[in-house]
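Asker: below are the sequence and a predicted model; questions follow.
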Amino acid sequence: MEPPRKYLPLFVAEATEQLEELSRELVRLEAEPPGGPLWDSIFRRAHSVKGSAATLALAGIVRIAHAAETLVGRLKSRPVRPSRPEIDLLLEAADALLSRVRAAARSQRLDEPGDAALVERLTEAARAIEPPPAAPVAFAADADSGLPRLKIAIELSPRCAAPSARALIVQRRLRSLGSLLDMQPAPQQLQAGQGLVRLTATIATKATVDEVRASIRGVPEVDAVYIETPALEKPASFPPVLPEADRALTVRVRADSLDQLLDGAGEMLLGIARLRDSARKLPETFSAAFEGEIDRLRRQARELHGRVMTARLTPFSALTERLPRAVRDLGHQLGKQVDIEIQGTDVELDRAAIETLSDPLVHIVRNAVDHGIESPETRAAAGKPARGRVLLAARRERDSVVVEIEDDGRGLDAPGLRERAVRAGALTAEAAAALDDSRSYELALLPGISTKSEATDVSGRGVGMDAVQRAVEGLGGAIRLHSSPGRGTRVTLKLPLLVSVAQLLLVQVGGEVFGLPLYKVLLTTEYDLSARGGEGFESRSLVVGGQLVRAYSLAKLFGLPSLAPPGPRPFLVMELDGVRFALSVDRLLGQEEAVMKPLFPPLDRIQGLAAVTVLGNGRPLLVLDPRGLYQMAGAPEGKIKGAA
């Protein structure tokens, strides 16, 4: 009978998660001691994918997973670490499995053929390793009369695909706590697909009940732990299968469903704002009570919107999971020894930011390995450890998330960047000579400017860091570079926690209303240009805080008539790439928190626009892009990216 196809999406989701984690654990194996607990997890993941694929008759996946599982079992039994070719072979198997799982999702076929050559190589590698002699499970003799005994019942998750592997880990934990006197059933007696599995054990231990429980609960897929202490007078009566208080129920939710829910919550807020606007036209005898109900409804809608936004938050680990593998592979390709350390993986970001930053973050890390980290010989000559180090850290700062990528390599070459910028026509020789080193590092963000003098098949063509900057600023964030010659480079990304909601400064120009991201505005000021002969100006310089700042007319940039009366007019002072500039507007209208929506054609092709939102009165509002406006104004020669 053909297996039910309705389970294929669930298999694809779970198998993808297992295989991605399998690849990450294989990379970690090169630094783990022989026979460590990581082997049990790797074996379980391969076994789990094999068992799930077998239920759907995915024979090709089953064959590869079985051959990889056999090789893992043989490697685990050896007292030495696996070699690099062995890890490479297992990584190749993990990649092949992931490719076939995704192919099954695309084609809805349940009979993907396996890679016969890969299966044969895995099988030959396993045959080359002598299997260890079988040994019966031995329990400690009943001679520990001086130690308290604990009777324990352990319930594995009904979704546990490899109960034998999980029971083996539990058995090792129990032995580490004291003398294991008995355990039923033995791990070898368990089979996959049995549903809920209950293990019982007796140990003699000095550990407290809380220590024993905490140790066992640390094993994945252990749902419950019940312990009978020696103080109990009657025999153990372990409770039935009931969820513990600290067990959280989780479900998978489609990302587009969350997006639709967020759009609905945003529309509710807009509808309530329109309702409030209409309520102001009612007689006063009715409007007070009506507005009270509107306030209550608005609070509930804002709470709903906040909960949906929180549900969209995704751990930073979703961005970093593939980086150890990328660093390992690139280091081997370049003949370099590189370790990557990742901190702050539990910091959460908006899902939209996670999706946008995936490729830019990989690009920055690859740059650190290729451009920054030197060869082992060069590092040794400079008195550095042969192994280079890349640190990736995320932390929360109020309503922002700061991500830093730092390496201990050679650092950026400021004179070389200035020379390449002049050669590319981005700077004049005079302007380049006027830049100090700290400002020169920002040149690496320009299109066509690379931090590497020679192009390779990996990098060096000046394509990438400008795209990284666009992606970061498109999220409402900022990027900064800092470097110390011979000591390394640090790239800092500052990102908003929630990218779908922004605080806007509303301005009026020529009868039109626009929004500007408030975090981009350093300050507002007023100048009377008519008294200085500047009426109708396109650009001129102002003195702000003792600094000369180039100012532009927003009305002129968009070809709108300025309706500001003669006299002082507002200016918004902003900063890009460390350079300040100002925009003149007709009026400042105040601030408003808005749900941002992407631009639709043809607005998405207009320079200077970033997003669109809807005001409380139902009026659509265009949100401006400061960098796009800067580029529209045209850069005086020798300034970075259109800076005035």
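Answerer: Received it, and whenever you're ready, just let me know what you need.
Asker: tell me the helix or strand right after the one helix or strand Lys50 maps to.
Answerer: Using DSSP states H and E, Lys50 sits within helix 38-55. Next along the chain after helix 38-55, taking DSSP H and E as the criterion, comes helix 59-76.
Asker: what's in contact with that next one?
Answerer: For helix 59-76, contacts defined as C-beta atoms under 8 Å, 6 or more residues apart in numbering pick out 15, 35, 39, 42-43, 46-47, 49-50, 53-54, 82, 86, 89-90, 93-94, 96-97, 100-101, 104, 111-115, 118-119, 122-123, 125-126, 129, 131. Placement of C-beta: from N, CA and C, glycine included.
Asker: then stretch 15-27?
Answerer: For stretch 15-27, the surrounding residues in contact (C-beta under 8 Å, 6+ apart) are 38, 41-42, 45-46, 48-49, 52-53, 61, 87, 90-91, 94-95, 97-98, 101-102, 321-322, 324-325, 328.
Asker: how about the CA coordinates for it, as PDB?
Answerer: Output in PDB follows, covering the C-alpha atoms of stretch 15-27 (Å, rounded to 0.1, in the frame of the first residue of the first chain):
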ATOM      1  CA  ALA A  15      14.100  16.000   8.400                       C
ATOM      2  CA  THR A  16      15.400  19.400   7.200                       C
ATOM      3  CA  GLU A  17      15.800  20.500  10.800                       C
ATOM      4  CA  GLN A  18      17.600  17.200  11.800                       C
ATOM      5  CA  LEU A  19      20.000  17.300   8.800                       C
ATOM      6  CA  GLU A  20      20.900  21.000   9.300                       C
ATOM      7  CA  GLU A  21      21.700  20.200  12.900                       C
ATOM      8  CA  LEU A  22      23.600  17.100  11.900                       C
ATOM      9  CA  SER A  23      25.900  19.100   9.600                       C
ATOM     10  CA  ARG A  24      26.600  21.600  12.500                       C
ATOM     11  CA  GLU A  25      27.400  18.800  14.900                       C
ATOM     12  CA  LEU A  26      29.700  17.100  12.300                       C
ATOM     13  CA  VAL A  27      31.700  20.300  12.100                       C
END
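Asker: buried ones in that stretch, by neighbour count?
Answerer: Neighbour counts over stretch 15-27 (16 or more other C-beta atoms under 10 Å) mark Ala15, Thr16, Gln18, Leu19, Glu20, Leu22, Ser23, Arg24, Glu25, Leu26, Val27 as buried.
Asker: can you give me phi and psi for Pro283?
Answerer: Phi and psi for Pro283, reported as degrees, to the nearest 10, are phi -60, psi 150.
Asker: kindly provide the distance from it to Ala393.
Answerer: Using C-beta to C-beta, to the nearest Å, Pro283 is found at 59 Å from Ala393.
Asker: between the two, who's got more neighbours?
Answerer: Remark: of Pro283 and Ala393, Ala393 carries more neighbours, 16 against 6, as counted by other C-beta atoms under 10 Å.
Asker: surely the more buried one touches Thr345?
Answerer: No: contact status for Ala393 versus Thr345: not in contact, 9.7 Å apart, counting by C-beta atoms under 8 Å.
Asker: quick one: the strands in the stretch 401-550 of the chain, in order.
Answerer: For the stretch 401-550 of the chain, the strands defined by DSSP state E, counting those that start in this stretch occupy 478-484, 488-496, 501-509, 512-517, 521-527, 539-544, 547-553.
Asker: those strands: lowest mean pLDDT?
Answerer: If you rank the strands of the stretch 401-550 of the chain by mean pLDDT, strand 539-544 sits at the bottom with a mean of 75.
Asker: ok, that strand: who's next to it in the sheet?
Answerer: With DSSP bridges as the test, strand 539-544 is paired with strand 547-553 (antiparallel).
Asker: so what's the residue sitting nearest the centre point of the chain up against?
Answerer: Centroid-nearest residue in the chain: Leu319, 2.7 Å away (criterion: C-alpha atoms, centre = their mean). Leu319 is in contact with Leu349, Ile354, Leu357, Ser358, Leu361, counting by C-beta under 8 Å, 6+ apart.
Asker: just the buried subset of those residues, please.
Answerer: The buried subset of the contacts of Leu319 - by 16+ other C-beta under 10 Å - is Leu349, Ile354, Leu357, Leu361.
Asker: what count of nearby residues applies to the nearest residue to Phe558 once chain neighbours are set aside?
Answerer: Excluding the flanking residues, the one nearest Phe558 by C-beta to C-beta, 6 or more residues apart in numbering is Val509, at 7.0 Å. Residues lying near Val509 (other C-beta under 10 Å) number 24.
Asker: list the beta-bridge partners for Val509.
Answerer: Going by DSSP bridges, Val509 forms beta bridges with Glu512.
Asker: check contacts around it.
Answerer: By C-beta under 8 Å, 6+ apart, Val509 lies in contact with Leu554, Ala555, Phe558, Leu560, Ser562, Val585, Asp586.
Asker: look up phi and psi at the nearest residue in space to the last one that is not next to it in sequence.
Answerer: Setting aside the residues directly before and after it, Asp586 is nearest to Ala564 in space (C-beta to C-beta, 6+ apart), at 4.1 Å. As for Ala564, its main-chain torsions (degrees, to the nearest 10) stand at phi -70, psi 130.
Asker: was I right to think Ala564 contacts Arg587?
Answerer: Yes: counting by C-beta under 8 Å, Arg587 is a contact partner of Ala564 at 7.3 Å.
Asker: which one's more surrounded, those two?
Answerer: Using other C-beta under 10 Å, the more surrounded residue of Ala564 and Arg587 is Ala564, with 20 against 14.
Asker: ok, that one to Arg619 distance?
Answerer: Applying C-beta to C-beta, the value for Ala564 to Arg619 is 21 Å.
Asker: could you confirm Ile129 falls within a strand?
Answerer: No: using DSSP: H, G, I helix; E, B strand; the rest coil, the assignment for Ile129 is coil, not a strand.
Asker: list the contacts of it.
Answerer: Leu71, Arg74, Leu75, Ser77, Arg78.
Asker: kindly report the same for Gly515.
Answerer: Contacts of Gly515 were listed using C-beta under 8 Å, 6+ apart, and they are Leu504, Leu505, Leu506, Val507, Glu592, Ala594, Thr613, Leu621, Leu622, Val623, Leu624.
Asker: cool, and Arg102?
Answerer: Taking C-beta under 8 Å, 6+ apart, we find Arg102 in contact with Val12, Thr16.
Asker: select only the buried ones of the contacts of Gly515 in PyMOL?
Answerer: Only the buried entries of the contacts of Gly515 go into this PyMOL selection, using 16+ other C-beta under 10 Å:
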select buried, resi 504+505+506+507+592+594+613+621+622+623+624
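Asker: can you give me how far stretch 562-582 is from the chain middle?
Answerer: Centre-to-centre, stretch 562-582 and its host chain are 36 Å apart (C-alpha atoms, centre = their mean, to the nearest Å).
Asker: avg pLDDT for that stretch?
Answerer: Mean predicted lDDT for stretch 562-582 stands at 83.
Asker: just the terminal-to-terminal distance for it.
Answerer: End-to-end distance of stretch 562-582 (C-alpha to C-alpha, to the nearest Å): 16 Å.
Asker: could you check how far Thr200 is from Met183?
Answerer: According to C-beta to C-beta, Thr200 and Met183 sit 7 Å apart.
Asker: show me which of the two is the more surrounded one.
Answerer: Neighbours per residue, other C-beta under 10 Å: of Thr200 and Met183, the larger number sits with Met183, 21 against 15.
Asker: identify the bridge partners of the more buried one.
Answerer: Ala201.
Asker: test my guess that Val543 contacts Val549.
Answerer: Yes: look at Val543 against Val549 with C-beta under 8 Å: they come within range, at 7.4 Å.
Asker: and these two? Which one has more around it.
Answerer: More neighbours surround Val549 than the other of Val543 and Val549, with 21 against 9 (other C-beta under 10 Å).
Asker: what ranges do the helices span in the stretch 201-350 of the chain?
Answerer: Ranges of helices in the stretch 201-350 of the chain, per DSSP state H, counting those that start in this stretch, are 209-217, 255-279, 284-312, 317-320, 323-334.
Asker: mind listing what's buried in the last one?
Answerer: When neighbours are counted by 16+ other C-beta under 10 Å, the buried residues of helix 323-334 are found to be Leu323, Pro324, Arg325, Ala326, Val327, Arg328, Leu330, Gly331.
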